[in-house]
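>>> Predicted model and sequence follow; I will ask about them next.
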Amino acid sequence: MMITAAIPILAAGDAAMTMSIQLAITVFVLSMLLGLEIITKVPTTLHTPLMSGSNAISGITIIGALLAAGAGGWLGATFGVIAVAAAMINVIGGYLVTDRMLRMFKRKKR
């Protein structure tokens, strides 16, 4: 009797988890499409300042990726490490682009 009473509870929990995963995937895909739409509308003259401004956002992403990497489980650790690597590439690239942009505006010494 006890086993058959637990089956609907497990099934309901599984359905809730499936809905949660579907919601997370939906939000992820919609945010990717929105980001792509926003980036394609930015004029090319603003790409460099936006790249330097995105370093702060990438810093926050690194913190979230570190938390995901330490959350437990091999899947979380794997995706966390990939997220840390991708965010670090973005931060380093942003700083390099910002440095190059600032060097363009420096006065040349004679």
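All right, it came through fine.

>>> ok, Thr61 - how many residues close by?
Residues near Thr61, counting by other C-beta atoms under 10 Å, number 18. All C-beta spots, glycine's among them, are computed from the backbone N, C-alpha and C.

>>> and it, what element?
helix 47-69 (DSSP states H and E).

>>> any idea how this protein splits into domains?
1-41, 44-110 (automatic domain parsing).

>>> Could you dump these into CSV with mean pLDDT added?
Below are those laid out as CSV (pLDDT from 0 to 100):
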stretch, mean pLDDT
domain 1-41, 72
domain 44-110, 79
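
>>> Can you tell me which of these is most buried?
domain 44-110 (a mean of 13; mean count of other C-beta atoms under 10 Å).

>>> from the middle of its chain, how far away would that domain be?
Between the centre of domain 44-110 and the centre of its chain there are 11 Å (C-alpha atoms, centre = their mean, to the nearest Å).

>>> returning to what we had before: any idea which helix or strand comes after the helix holding Thr61?
helix 74-104.

>>> elements contacting that next one?
helix 47-69 (3 or more C-beta pairs under 8 Å, 6 or more residues apart in numbering; DSSP states H and E).

>>> From the contact counts, what lies against the helix it packs on?
helix 74-104.
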